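1. structure here, sequence nowhere to be found:
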């Protein structure tokens, strides 16, 4: 048998090994010899001088890509080589839920092991990444509101910059030219729309209420009434590193442009990443006379009680507090 036929035979010989479910990491810059030795130690490749020589010769023709791999069993040496050349690495996924702020998003990414939360937070203010939204929001000093909530695919070799870039690009896909045109009709900047949408995202629990909540904020803005939005108070406390998990009197009294109990108008920027439904609600508010809303605690389904009357609102707030007190008493 010729050498060619011998090599052809062995490189296409399926090999059974016990590590089919094991993730094997090929490090960046590893030599062909080191990779072969590593895969041989897992019995993925045979302990064969001929195969080792073939592998090195083939590697001189193509670059093997680093990353996390899984090699099914059985698998031939040629299939192993082709996976490494193609970079057929293990795909990983991360989901960013709607309504998270950049601090919460950074905490999720940190758990992926790609970078520390400190370096990730710095990246959310990196000028290169801010350039991705500069045309939409020239005033942005960080990516708050623009890290779009979705499920993203990444690999062990993905960088934090790549992941954040994917999120911003996804935002740009969702915030279509039609949305920009609608924002212009409302005489709102993209930043103002995303800011309002982020407040809606944090308040709304039911999709059918998003446009109604939006109408309350639009109505109050038109009448020059402060927005009194609890999530903005929470965000101000987070920025001040004073958030304890419960809104306290000191939070309501905090001097911050994000505290809409003290500062008229919208806060200076988004407080979280809104999803498409909240962006649409900000752009297309329901036509209502409402100026107030409070959680409908009796319904206990995330809905709210809306009204255009302060006296009725106070009554609804009293109902909410009574219901909350009943729950506390029941838990004792």
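-> Alright, I've got the coordinates. Predicted, not measured: the structure shown is a model, and the values here were computed from it.
2. isn't there a helix covering residue 330?
-> Yes: counting by DSSP: H, G, I helix; E, B strand; the rest coil, residue 330 is found in a helix.
3. so how far is residue 21 from it?
-> Taking Cβ to Cβ, to the nearest Å as the measure, residue 330 falls 48 Å from residue 21. Bear in mind the C-beta positions are built from the backbone N, C-alpha and C, glycine included.
4. now residue 286
-> Here residue 286 is placed at a distance of 52 Å from residue 21 (Cβ to Cβ).
5. so for the two, which residue has more residues nearby?
-> Set residue 286 next to residue 21 and count neighbours by other Cβ atoms under 10 Å: residue 286 wins out with 17 against 9.
6. show me where the stretch 51-200 of the chain has its helices.
-> Using DSSP state H, counting those that start in this stretch, the helices of the stretch 51-200 of the chain run over 77-86, 102-110, 117-123, 127-130, 160-174, 177-185, 190-203.
7. deepest of the ones you listed, which one?
-> Mean neighbour counts were compared across those using mean count of other Cβ atoms under 10 Å; the top stretch is helix 190-203, at a mean of 25.
8. now find how far off-centre it is within its chain.
-> Offset of helix 190-203 from its chain centre (Cα atoms, centre = their mean, to the nearest Å): 16 Å.
9. returning to that earlier point: which one of the helices of the stretch 51-200 of the chain lies nearest to residue 297?
-> helix 190-203 (14.9 Å; Cβ to Cβ).
10. what's downstream of that closest one, the next helix or strand?
-> Using DSSP states H and E, the helix or strand that follows helix 190-203 towards the C-terminus is helix 210-223.
11. residues making contact with that next one?
-> Contact with helix 210-223 is made by 196, 199-200, 203-204, 226-227, 229, 265-266, 277-278, 280-282, 284-293, 304, 306, as judged by Cβ atoms under 8 Å, 6 or more residues apart in numbering.
12. got the phi and psi for the spatially most central residue of the chain?
-> Nearest residue to the geometric centre of the chain (Cα atoms, centre = their mean): residue 96, 3.2 Å. Main-chain torsions, residue 96, degrees, to the nearest 10: phi -110, psi 110.
13. for the residue lying closest to it once chain neighbours are set aside, give me its contacts.
-> The shortest distance from residue 96 to any non-neighbouring residue, by Cβ to Cβ, 6 or more residues apart in numbering, is to residue 149 (4.7 Å). With contact set as Cβ under 8 Å, 6+ apart, residue 149 has these partners: 96, 97, 98, 99, 100, 273, 274, 275.
14. and the closest residue in space to the fourth one that isn't next to it in sequence, what does it touch?
-> Spatial nearest neighbour of residue 99, excluding adjacent residues (Cβ to Cβ, 6+ apart): residue 201 at 4.3 Å. Neighbour list for residue 201: 98, 99, 272, 273, 274, 275, 278 [criterion: Cβ under 8 Å, 6+ apart].
15. if we use 10 Å, what do you get?
-> With contact taken as Cβ atoms under 10 Å, 6 or more residues apart in numbering, residue 201 is in contact with 98-100, 145, 149, 194, 210, 213, 231, 270-275, 277-279, 281-282.
16. same question for residue 171.
-> 132-133, 136, 143, 145-150, 194, 273-274, 276, 279.
17. likewise for residue 253?
-> By Cβ under 10 Å, 6+ apart, the neighbours of residue 253 are 233, 259, 261, 262.
18. what about the last one, distance to residue 156?
-> Separation of residue 262 from residue 156 (Cβ to Cβ) stands at 47 Å.
19. what pLDDT does residue 154 get?
-> Residue 154 is assigned 89 on the pLDDT scale.
20. wait, it sits on residue 162?
-> Yes: here residue 154 reaches residue 162: they are 7.4 Å apart, a contact under Cβ atoms under 10 Å.
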